[in-house]
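A.B. asks: Pasting a predicted model and its sequence here:
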Amino acid sequence: MAWLRVDDGLPVHPRIVHAWQNYWPAIGLWPMGLAWSARTDGEVSTDFVHGLIPAARQRDRTTGALVDAGLWVPNGNGGWHIHDWADYNPTRAETEQRRRADRERKRAGIR
């Protein structure tokens, strides 16, 4: 399991406030996208979003609010990239390396 970092200033961050005021349900999709993108280095696929929000109009409004607020950036493949993902979260490769090191350390009996 990978952990995500969320700043305690989240409720007053201008981008979050903008998305909330534009279409508050978008703030429900935002952490879901964060959790998903821990597997994909900040990328959120259209398939993932379609699975959560099957209705096209609601889906477009929700993702549009995140893009308009600058929280998500279209990636050119129909999906999105989480803004500043790698500035605040480890890459998938870093997470896998940490997991390997933890397993080896535990096998060796080192705390």
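C.D. replies: That came through fine. Keep in mind that what you see is a predicted model, and the values were worked out from it rather than measured. Numbers count the residues shown, from 1 in each chain.
A.B. asks: Buried residues, the longest helix anywhere in the chain. List them.
C.D. replies: If you go by DSSP state H, the chain has its longest helix at helix 92-107. In terms of neighbour count (16 or more other C-beta atoms under 10 Å), helix 92-107 has its buried residues at residue 95. For every residue, glycine as well, the C-beta is placed using N, CA and C.
A.B. asks: Just checking the distance from stretch 22-40 to the centre of its chain.
C.D. replies: 5 Å (C-alpha atoms, centre = their mean, to the nearest Å).
A.B. asks: where along this structure do the strands fall?
C.D. replies: Remark: strands assigned in the chain by DSSP state E are 43-44, 72-74, 80-82.
A.B. asks: tell me which strands and helices the shortest one is in contact with?
C.D. replies: If contacts are counted by 3 or more C-beta pairs under 8 Å, 6 or more residues apart in numbering; DSSP states H and E, strand 43-44 sits against helix 26-37, strand 80-82.
A.B. asks: Of the ones you listed, which stretch is the most buried?
C.D. replies: Among the helices and strands packed on strand 43-44, strand 80-82 has the highest mean neighbour count (mean count of other C-beta atoms under 10 Å), at a mean of 22.
A.B. asks: quick check, distance from it to the centre of its chain.
C.D. replies: On C-alpha atoms, centre = their mean, the centre of strand 80-82 falls 7 Å from the chain's centre.
A.B. asks: Parallel or antiparallel, which strands does that strand pair with?
C.D. replies: strand 43-44 (antiparallel), strand 72-74 (antiparallel) (DSSP bridges).
A.B. asks: tell me the mean pLDDT over that strand?
C.D. replies: Confidence for strand 80-82, expressed as mean pLDDT, is 96.
A.B. asks: if we can go back for a sec, quick one: the helices and strands packed on strand 43-44 as a markdown table, columns for distance to residue 55 too.
C.D. replies: Below are the helices and strands packed on strand 43-44 laid out as a markdown table (distance: least, C-beta to C-beta, whole Å):
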| stretch | distance to residue 55 |
| --- | --- |
| helix 26-37 | 13 |
| strand 80-82 | 18 |
